[in-house]
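[1] Fold the stuff below for me.
(one chain, ligands or ions: 1)
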Amino acid sequence: MSSTEGGNPAYTARPADAAQAADQTSSETLSTLQDPPVEQPLAPDTGVFDEQTVARARQIITRYPESRSALLPMLHLLQSVQGHISQEGIAFCAQELALSTAEVSSVTSFYSMYKRKPCGEHLVSVCTNTLCAALGGDEIYARLGQRLGSAGRPLHHEETAGEPGTPGSVTLEHAECLAACDLAPVLQVNYEYFDNQTVESAIEVVDGLRRGERPAPTRGAPLTSWRDVELQIAGFFGEPEALRAAVDAPSASEETLVGARLAELRGWQAPPMPDEGPLPPVPEKK
Ligand code: FES
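    Okay, here's the model as predicted:
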């Protein structure tokens, strides 16, 4: 009978020699093998956020039947205020949504849109996924890192040129596929697209940002700051109506629509997908 037989199959016994080695380990070394300390709840310091932010957070919560569903837009709201997700922000969300700080923290560390360090006035995201990388995205990312670095040291992922949050500061990041492969290589500034980039055009964009300019994206809304966009993502549009209209306007490129137009012209349609249909047979498990 094996050591796991009849026991909980989710657990695997340590090999005998490993168990023996551990038994022989000194108590000093054993202390490093203990579980990490359980995260202690942080004392929420809601004083960090002004009345308007607290009111907006509570307004977000009313949008959802389950309060915990408000977590993602609330985090964007806090980023619009602080420029990142701070420990106070985590504690604030936990308190408002009756979650543990560990639950909030795990969400912030899972999604790359939540920044654990203060972000620049602008966030430059360079797609380095397969298609963009092959067409020059890797080179663009490397050259922008050199351009934004200082004293011979290039800027790395999620590092900022300039003092974060001040005018002209730029945070650089490499991004996974930005869903614009037909326009590769692409980059985004504050999530607005700059399509069909070259090293030269990308450098021109970040040089303009560093000088305090706001170069026009290839499509979509005009540039604001990253914090303004975070507020928009949280669902608040205090900006002029023209900007709201630009954000809401269609922003698909001509290249992306060619296939759909061709299909319309030729009467092509995807086969209907029945709501309820027979499931394909599943092979029996042995
Ligand atoms: S690989 Fe860059 S947008 Fe898809």
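[2] now the nearest residue to residue 165 once chain neighbours are set aside: how far from residue 244?
    The shortest distance from residue 165 to any non-neighbouring residue, by CB to CB, 6 or more residues apart in numbering, is to residue 83 (4.9 Å). For every residue, glycine as well, the C-beta is placed using N, CA and C. When distance is defined by CB to CB, to the nearest Å, residue 83 is 23 Å away from residue 244.
[3] Tell me which of these two has more neighbours.
    Between residue 83 and residue 244, counted using other CB atoms under 10 Å, the more crowded position is residue 83 (23 against 14).
[4] Can you name the residues of the stretch 51-200 of the chain that neighbour the ligand?
    Proximity of the stretch 51-200 of the chain to the ligand, by CB under 6 Å from any ligand atom, involves residues 127, 129-132, 177-181, 184, 186.
[5] In TSV, list those residues along with secondary structure, neighbour count and pLDDT.
    What follows is these, written out as TSV (DSSP: H, G, I helix; E, B strand; the rest coil; neighbours: other CB atoms under 10 Å; pLDDT from 0 to 100):
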residue	secondary structure	neighbour count	pLDDT
127	strand	28	98
129	coil	18	97
130	helix	13	96
131	helix	16	96
132	helix	27	98
177	coil	14	97
178	coil	21	96
179	coil	12	94
180	coil	24	94
181	helix	16	94
184	coil	21	97
186	coil	28	98
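[6] between those residues, which is nearest residue 65?
    Distance to residue 65 across these (CB to CB) is lowest for residue 179, with 29.4 Å.
[7] which residues in the stretch 151-286 of the chain form helices?
    199-210, 226-233, 241-248, 254-266 (DSSP state H, counting those that start in this stretch).
[8] Deepest in the core, which of the ones you listed is it.
    helix 226-233 (a mean of 21; mean count of other CB atoms under 10 Å).
[9] so how far is that one from its chain's centroid?
    In terms of CA atoms, centre = their mean, to the nearest Å, the centre of helix 226-233 is set 13 Å apart from its chain centre.
[10] contacts for that helix?
    73, 76-77, 79-81, 83, 119-123, 165, 171, 190-191, 238-239, 247 (CB atoms under 8 Å, 6 or more residues apart in numbering).
[11] Perfect, that will be all.
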